[in-house]
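**Q** With the sequence up front, the predicted model follows.
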Amino acid sequence: MLEVKGLNVKRGILQVLWDVSLRVRDGEIVALIGSNGSGKTTLMNTIIGFLKPFSGSIIFNGKEIAGLPPYEIVRLGLSLVPEDRKLFTNCTVYENLILGAYGVKTGKTREMLKMIYDLFPILRERRKQIAGTLSGGEQRMLTIARSLMSNPRLLMFDEPSQGLSPKISLEVFKAIRRLRDEYGISILLSEQNVYHALKLADYAFVLETGRVTLEGSSSELLNNKYIKEALLGA
């Protein structure tokens, strides 16, 4: 579904991604793991079109999308749940959701709202509440829900558990699994909580200083000596 090949990205004169390649198959959860500053957010921002690579290829459903503007990429069925939420904090929960459905047919919007309220019942209760007054966990749920309103076939998550309590983090991880298992949405998950990311994912790529240094099935990486020592602290 998604294939990144030999991606090289600069910020100004500084190169931050070096020959990065990864793939996400249809119906798969793929984890992208690595420490802060490893390039995970830069990679996701490049895939969604906020940044343009100076070389390499990004193919989504057989179409080259490198260099396309974000709104075109979203319309193709690829969406991003950003790390820093970027909610419209002076709008209600419902208004944020409807803004996320810009360009989606009305019938599909109703269908997506039904799915979101099933995933996150608290958002139905809070639908008339101003988004800026929600708790941190509720804001994270709304950020995920707003991205879902575009009806994506593949959804990318950038550090979904960051700043959340362990209990809320587990709820978010359960929702991500349901998106794949019940709704058929493929997932690319960037996450610092390496253990939970690998338990959730089918396959994983390790990113270090802008380079993919390791890849494999999640079970293989959970038992990998380097992963245990460097990223799990065992």
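**A** Received the coordinates, thanks.
**Q** any idea how far the helix or strand hosting residue 205 is from the chain center?
**A** Assigned by DSSP states H and E, residue 205 falls within strand 203-208. How far strand 203-208 lies from its chain's middle: 14 Å, per CA atoms, centre = their mean, to the nearest Å.
**Q** Which neighbouring elements make contact with the helix or strand just after that strand?
**A** Helices and strands here follow DSSP H and E; after strand 203-208, the next one along the chain is strand 211-217. Strand 211-217 sits against strand 14-24, strand 203-208, with contacts defined as 3 or more CB pairs under 8 Å, 6 or more residues apart in numbering; DSSP states H and E. Yep, even glycine has a C-beta here, placed from its N, CA and C like the rest.
**Q** now the angle from strand 211-217 to strand 203-208?
**A** Strand 211-217 and strand 203-208 are oriented at 160 degrees to each other (axes from the mean of the first three to the mean of the last three CA atoms, to 10 degrees).
**Q** residues making contact with strand 211-217?
**A** Here strand 211-217 makes contact (CB atoms under 8 Å, 6 or more residues apart in numbering) with 17-22, 39, 202-207, 221, 224, 226-227.
**Q** Pull out the buried members of those.
**A** 17, 20, 22, 39, 202-207, 221, 224, 227 (16 or more other CB atoms under 10 Å).
**Q** Output those as CSV; include the columns pLDDT and distance to residue 174.
**A** Shown next, in CSV, are the buried ones among the contacts of strand 211-217 (pLDDT from 0 to 100; distance: CB to CB, whole Å):
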residue, pLDDT, distance to residue 174
17, 98, 31
20, 98, 29
22, 97, 25
39, 93, 28
202, 97, 16
203, 97, 20
204, 96, 19
205, 96, 23
206, 94, 24
207, 94, 25
221, 92, 21
224, 87, 25
227, 86, 23
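**Q** In CSV, list those along with distance to residue 105.
**A** Putting the buried ones among the contacts of strand 211-217 into CSV (distance: CB to CB, whole Å) gives the following:
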residue, distance to residue 105
17, 36
20, 35
22, 32
39, 36
202, 31
203, 33
204, 35
205, 35
206, 40
207, 37
221, 40
224, 45
227, 44
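**Q** what separates residue 147 from residue 112, distance-wise?
**A** 11 Å (CB to CB, to the nearest Å).
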